[in-house]
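**Q** got a predicted model here, sequence first, then my questions.
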Amino acid sequence: MTSHIRILPEEICNKIAAGEVVERPSSVVKELLENSLDAGAGEVRVDIRAGGRRLIRIVDDGEGMSRDDLFLALERHATSKLSSDEDLFRLRTLGFRGEALPSIASVSRLTLRSCPANSLEGFEIQSEGGVVKHAGVTGMARGTCIEASDLFFNTPARRKFLRRDETEFGHIADVVTKLALAHPEVHFRLEHNGKTIFDAFRQGTLAARVADLLGRPLLRDLLPLDISDGGLRLHGMISTPETNRSGTGAIYTFINGRYIRDRVVQHALLDGYRSVLEKGRYPVAILFLEMPPEEVDVNVHPTKHEVRFREQGRVHSFLSGAVRQCLKPVAWLEEAHPVAPEPTTAPPAPQSTAPIMPASAVNPYRHGVQEAMESYGRRMPTVAAPASFFSPHKATPAEAENSGFFGRLTLLGQYRRSYLLCQDGDDLVLIDQHAAHERIGFERLKKEYRDGVLERQALLFPAVIEFDYRESALLKENLAELARLGFELEPFGGRSLALKTIPRLLGEIDSERLLREVAEELAAVGKSSAVESAIEKVLAVIACHGAIRANRSLSPPEISSLLDALDQVDFKISCPHGRPVMKRLSIGEIERMFRRT
Ligand code: ADP
Ligand code: MG
């Protein structure tokens, strides 16, 4: 019998590796930039054409490669960064698998040009789909220039997965931002289609780099942090609790200089914020964890985004403890956990939408925070919005007869200024007033959106808002839809957008916060899903902002108009986020509770 099993040829191995390493243009940028940083570059230029599908060019002034090394670099498992298996646990470099260049070469037309320090001329290799087509000397300054063009030209199936240029470029900007945050000492320049997107000069501090990349205004709301304990060090910046996002998009975490997205790290960070951040809100964080390389295994994933810790528990409690310690001066942790000994053993603090701020000025920050919380409260729409929703309206007898389920309920009262207690026949009905109002607002917005009659209100002075690259790209892609929703935005140079109108329905709102949420929602929904469902997600966010919160006492006429409005809309069973609007307890259930049956 002949054997069925074959050893795969090199070319196929490279394409398989490329499947893991090169998901999209931004993966190429990540690998090439990491190589430049490993080569000790002081300046890196990134030129992108057509979202990276046409061209990705990275030029650095690092140590360069000799002619022989250039050929070797294209071989699989060829690296200058490892020599023994022990090195795997002592990594100081970003790369080490020796897979990136051959993988990229196998799915693109690749040109490598390099000139090491002691050499008078450089050398150049051109390859197509991993096959060398040309090699020869070339004149150039010290460093390396790598050009990957026509990505996936020989793998059409992969090419089909690419999104619009702007979306792909958004991912690239994200990758460059992450690496640039980790290396303020390196000059990063990013261009798209010949236009400079950013030019981040060498900086002495992380704060200066954060200002360059994420915007100077954000800096005001970030707290510096630098805490060490038993070989572990955490440094960087985290946001005050009032500055938060609806997703994890603004959390940047690095381990030993490498950007990672790790479950343990993220969980520990959020644990540090527990009880100071509203449920479902996430901080802004740029955090660097330094630890002995042998304590962490980065070789668990081809893109090296995930890691494994030797002592996961210790890392977790160090991180959450450090975050807590940093937040302490501005937070009310002590009040929330009067006797809690350790973050890991303490029970989760009760979620409260309105934090209690004791008047006693125990610590110097308290006053500032209280002020911030108060102004935050003022910015929320809860104060202004209900008026527009509760146009008091007395039901005529005829209307009362026609009224639906909710309108016919007998109102018993309001519980904890958040729930309506009603009676339906013999049943007890509990209604979550916030969820109910959210659903009403959502259904109304949906109807107005479908009818195209959403009323706008022009701002006296257009508000210029600076977003990060990803946010601004997503918003720019959706200007027409946003305008339909009453948010007329105009590109205002770079990452800024000028806001000219808002939906009248929303009254006074924190538009910046809302638009960031909209961008995050759009990112989460993705371009492939129907516009309609993306819009509905946005509407749900808007409805939530416009809705009355829990913790507000309602007058009887307000309650009855809320119940009547609930009858007018579809899907009244849950709020747009899926939380229930109503719960029913039958007399039987209540009697069983009191053992009366
Ligand atoms: P790895 O980074 O895992 O070693 P790569 O395939 O990314 O594998 O690169 C292979 C080798 O090519 C690297 O080990 C390095 O020696 C060399 N190299 C790649 N890019 C550069 C660069 N920009 N400057 C200098 N050397 C480079
Ligand atoms: Mg590499």
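**A** Sure, I can see it. Ligands and ions are numbered 1, 2, ... in the order given.

**Q** now the phi/psi pair for the residue of the stretch 101-250 of the chain found nearest ligand 2, please.
**A** Per C-beta to the ion, residue 101 is where the stretch 101-250 of the chain lies closest to ligand 2, at 7.0 Å. C-beta coordinates here come from the backbone N, C-alpha and C atoms, glycine included. Backbone dihedrals for residue 101, given as degrees, to the nearest 10, come out at phi -60, psi -50.

**Q** just checking, it touches residue 72?
**A** No - Residue 101 lies out of contact with residue 72 (C-beta atoms under 8 Å); the separation is 9.6 Å.

**Q** so those two - more neighbours on which side?
**A** The residue with more neighbours, out of residue 101 and residue 72, is residue 101; 28 against 15, by other C-beta atoms under 10 Å.

**Q** distance-wise, check that one relative to residue 591.
**A** 74 Å (C-beta to C-beta, to the nearest Å).

**Q** would you list every one of the strands in the stretch 101-250 of the chain?
**A** Per DSSP state E, counting those that start in this stretch, the stretch 101-250 of the chain carries strands over the ranges 109-115, 122-128, 131-138, 143-149, 187-192, 195-200, 222-229, 232-239, 244-245.

**Q** out of those, nearest to residue 67?
**A** Closest approach to residue 67 among the strands of the stretch 101-250 of the chain (C-beta to C-beta): strand 122-128, 4.2 Å.

**Q** contacting residues for the closest residue to residue 487 other than its chain neighbours?
**A** Spatially, and ignoring its direct neighbours in sequence, residue 487 is nearest to residue 502 (6.1 Å; C-beta to C-beta, 6 or more residues apart in numbering). By C-beta atoms under 8 Å, 6 or more residues apart in numbering, residue 502 lies in contact with 456-457, 459, 486-487, 509, 511.

**Q** which of those count as buried?
**A** Neighbour-count burial (16 or more other C-beta atoms under 10 Å) applied to the contacts of residue 502 gives 456, 486-487, 509, 511.

**Q** circling back: how far does the helix or strand harbouring the residue nearest to residue 487 sit from the chain's center?
**A** Take DSSP states H and E as the rule and residue 502 turns out to sit in strand 496-503. The chain centroid and the centroid of strand 496-503 are separated by 22 Å under C-alpha atoms, centre = their mean, to the nearest Å.

**Q** what strands line up against that strand, and which way round?
**A** Within its sheet, and counting by DSSP bridges, strand 496-503 is paired with strand 456-466 (antiparallel), strand 488-491 (antiparallel).

**Q** of those, flag the one that's most buried.
**A** Among the strands paired with strand 496-503, strand 488-491 has the highest mean neighbour count (mean count of other C-beta atoms under 10 Å), at a mean of 17.

**Q** quick one: mean pLDDT for it?
**A** Per-residue pLDDT over strand 488-491 has a mean of 93.

**Q** can you check stretch 212-232 too?
**A** Mean pLDDT, computed over stretch 212-232, is 91.

**Q** try stretch 241-254
**A** Stretch 241-254 carries an average pLDDT of 89.

**Q** please identify the buried residues of that stretch?
**A** Of the residues in stretch 241-254, those buried (16+ other C-beta under 10 Å) are 241, 243-254.

**Q** of those residues, closest to residue 183?
**A** Proximity of the buried residues of stretch 241-254 to residue 183 (C-beta to C-beta) peaks at residue 254, which lies at 10.1 Å.

**Q** in which helix or strand does the closest one reside?
**A** Here residue 254 is assigned to strand 251-255, by DSSP H and E.

**Q** starting at the chain centroid, how far to the next helix or strand after that strand?
**A** Once strand 251-255 ends, the next helix or strand along the chain (criterion: DSSP H and E) is strand 258-260. Mean C-alpha position of strand 258-260 versus that of the full chain (C-alpha atoms, centre = their mean) differs by 15 Å.

**Q** in terms of secondary structure, what does the very next helix or strand once past strand 258-260 contact?
**A** Sequence-wise, the next helix or strand downstream of strand 258-260 (DSSP H and E) is helix 263-272. Packing partners of helix 263-272 (3 or more C-beta pairs under 8 Å, 6 or more residues apart in numbering; DSSP states H and E): strand 251-255, strand 282-283, strand 285-290, helix 312-327.

**Q** one more time with 6 Å
**A** With contacts defined as 3 or more C-beta pairs under 6 Å, 6 or more residues apart in numbering; DSSP states H and E, helix 263-272 has these neighbours: helix 312-327.

**Q** so for the helix it packs on, what's the average pLDDT?
**A** Per-residue scores along helix 312-327 average to 89.

**Q** going forward, begin numbering at 7 instead of 1
**A** Okay, using 7 as the starting number, the last item reads as helix 318-333.

**Q** can you show me the CA trace of that helix as CSV?
**A** Only the C-alpha atoms of helix 318-333 are listed here, as CSV (Å, rounded to 0.1, in the frame of the first residue of the first chain):
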residue,chain,number,x,y,z
GLN,A,318,-2.6,34.2,37.3
GLY,A,319,-4.1,34.9,40.7
ARG,A,320,-1.2,37.0,41.9
VAL,A,321,-1.2,39.1,38.8
HIS,A,322,-4.9,39.6,39.1
SER,A,323,-4.9,40.8,42.6
PHE,A,324,-1.8,43.0,42.0
LEU,A,325,-3.5,44.7,39.1
SER,A,326,-6.9,45.3,40.7
GLY,A,327,-5.2,46.4,43.9
ALA,A,328,-3.1,48.9,42.0
VAL,A,329,-6.0,50.3,40.1
ARG,A,330,-8.0,50.6,43.3
GLN,A,331,-5.2,52.3,45.1
CYS,A,332,-4.9,54.8,42.2
LEU,A,333,-8.6,55.6,42.2
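
**Q** what comes up buried for it?
**A** 320-330, 332-333.

**Q** output those residues as JSON lines; include the columns distance to residue 113.
**A** Formatted as JSON lines, those follow (distance: C-beta to C-beta, whole Å):
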{"residue": "320", "distance to residue 113": "41"}
{"residue": "321", "distance to residue 113": "36"}
{"residue": "322", "distance to residue 113": "38"}
{"residue": "323", "distance to residue 113": "43"}
{"residue": "324", "distance to residue 113": "41"}
{"residue": "325", "distance to residue 113": "37"}
{"residue": "326", "distance to residue 113": "41"}
{"residue": "327", "distance to residue 113": "45"}
{"residue": "328", "distance to residue 113": "42"}
{"residue": "329", "distance to residue 113": "41"}
{"residue": "330", "distance to residue 113": "46"}
{"residue": "332", "distance to residue 113": "44"}
{"residue": "333", "distance to residue 113": "45"}
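
**Q** ok, so of these, who is nearest ligand 2?
**A** The shortest gap between ligand 2 and any of the buried residues of helix 318-333 belongs to residue 321, at 25.9 Å (C-beta to the ion).

**Q** burial measure for the nearest residue to that closest one once chain neighbours are set aside, as a count.
**A** Excluding the flanking residues, the one nearest residue 321 by C-beta to C-beta, 6+ apart is residue 315, at 4.9 Å. Look at residue 315: counted by other C-beta under 10 Å, it has 18 neighbours.

**Q** how about residue 315, phi and psi?
**A** Backbone torsions of residue 315, given as degrees, to the nearest 10, read phi -100, psi 150.

**Q** all helices of the stretch 457-603 of the chain, in order?
**A** 475-483, 485-490, 517-531, 537-552, 562-574, 593-599 (DSSP state H, counting those that start in this stretch).

**Q** max pairwise distance over the contacts of residue 508: which two?
**A** Taking C-beta to C-beta as the measure, those have their most distant pair in 462 and 515, spaced 13.4 Å apart.

**Q** which ones are touching the residue in the stretch 457-603 of the chain positioned nearest to ligand 2?
**A** Ligand 2 sits closest to residue 475 of the stretch 457-603 of the chain, with a gap of 23.9 Å, by C-beta to the ion. Neighbour list for residue 475: 179, 501 [criterion: C-beta atoms under 6 Å, 6 or more residues apart in numbering].

**Q** so which helix or strand of the chain has the lowest pLDDT on average?
**A** Taking mean pLDDT, DSSP states H and E as the measure, the helices and strands of the chain show their lowest mean at helix 372-385, namely a mean of 29.

**Q** so how many other residues sit close to residue 227?
**A** 17.

**Q** separation between residue 39 and residue 192?
**A** From residue 39 over to residue 192 (counting by C-beta to C-beta), the distance is 10 Å.
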